[in-house]
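Asker: here's my sequence, what's the structure:
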Amino acid sequence: MELFRQHPGPIDTATAFAGYEVARHRLPAAVSPASTGRARHLGDLVDRYDAFLLDGYGVLNRGDQPVPGAVERLAQLRAAGRKIVVLTNGATPTAEAARAKYRALGFALAPEELVASREIASLHLRGILPSGTWAAIAGEGDSFPDLSVPLEDLQKNPGLLATADAFLFLSSDRWNWSWQDRLVEALRARPRPVVVANPDLVAPREDWLSVEPGTYAHHLADECGIEPRFFGKPFAEAFTIAMARTGIPPHRTVMVGDTLHTDVLGGTAAGCDTVLVADHGLFAGLDPEPFIERSGLRPHWIVPTT
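Answerer: Alright, predicted model coming up:
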């Protein structure tokens, strides 16, 4: 993803959108609806769907703050008997830590109501590499007791660039282009599996966009000719697990998110209707319609807020 590397200053929405379009050939295909409805919030849609799959960033929270009204909206959906699953590409915390984070924000999630890409990736690691050494690209202080294979922190043991048999990308918090260049060189010298537990290119924070593991993974694919294995939205495994948790068929399920290339594309490819939340995530302060027209990724609904 050389586009991001060469971009001066912080990544903005237009650059993030351009990056997703560059990587489009690696994303699922989907047929979008012909038109988009408008609603005030998810409460207007409660009678249309039996299950709501909800992104975290941009839908429930923005950084360390809950989206205004989101706590009350989840309570409304529950009171109406709707199934809820938070489907997140956040791969740094364990499931227990992620639930604790949401609980601190006011969202009390049962274990079955959270599906994180970290968990999804873990289910596939042994199938990708039945035995061998895994190197983790992870956040500061991250540990891996919940994952299905033994892992070592790459940045604590850089020798793993040469000796590891596979790499698991969980977080970009400590990663940068200097480390990326070293990984590119190592994979050119000895190609190995790369598993990406967070396919996002960027994530909305309080008032900026952070560069996420998906950016570096697509860069690896471009530079090294390898094909990373992505787990999380928009890829099918995430939606299969989330819908299995609800027991609700796709045509009665809606995916609610703030991005076109992860939430809307992934939900549509899985056979669900989709809602784009416009005011709190990637398109905050912008009209999303020009981006919808350019990409052809049309949600079934747009709401300003959760």
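
Asker: quick check: phi and psi at the residue nearest to the spatial centre of the chain.
Answerer: Most central in the chain under CA atoms, centre = their mean is residue 89, positioned 3.0 Å from the mean C-alpha point. Taking degrees, to the nearest 10, you get phi -90, psi 10 for the backbone angles of residue 89.

Asker: wait, doesn't it sit right on residue 233?
Answerer: Yes - between residue 89 and residue 233 there is a contact at 5.6 Å, judged by CB atoms under 8 Å. For every residue, glycine as well, the C-beta is placed using N, CA and C.

Asker: intersection of neighbour lists for the two?
Answerer: Shared between the contact lists of residue 89 and residue 233 (criterion: CB atoms under 8 Å, 6 or more residues apart in numbering) are residues 117, 199, 262.

Asker: format those residues as TSV; extra columns: distance to residue 14.
Answerer: Written out in TSV, the entries for those read as follows (distance: CB to CB, whole Å):
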residue	distance to residue 14
117	25
199	20
262	17
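
Asker: ok, and the most crowded of those?
Answerer: Neighbours were tallied for each of the shared contacts of residue 89 and residue 233 (criterion: other CB atoms under 10 Å), and the maximum of 29 neighbours falls on residue 199.

Asker: can you tell me the SS state at that residue?
Answerer: Three-state secondary structure (criterion: DSSP: H, G, I helix; E, B strand; the rest coil) places residue 199 in coil.

Asker: wait, doesn't it sit right on residue 232?
Answerer: Yes - taking contact to mean CB under 8 Å, the distance of 4.8 Å between residue 199 and residue 232 places them in contact.

Asker: overlap in contacts, the two.
Answerer: A shared contact of residue 199 and residue 232, defined by CB under 8 Å, 6+ apart, is any residue touching both; here these are 89, 117, 262.

Asker: returning to what we had before: separation between the residue nearest to the centre of the chain and residue 216?
Answerer: Between residue 89 and residue 216 the distance, using CB to CB, to the nearest Å, works out to 14 Å.

Asker: now for the closest residue to residue 256 other than its chain neighbours, how many residues are close by?
Answerer: If you skip the residues right next to it in sequence, residue 256 has residue 275 as its closest partner in space, 4.4 Å away by CB to CB, 6 or more residues apart in numbering. Here the number of neighbours of residue 275 (other CB under 10 Å) works out to 32.

Asker: one more: residue 25?
Answerer: The criterion is other CB under 10 Å. On that basis, residue 25 has 7 neighbouring residues.
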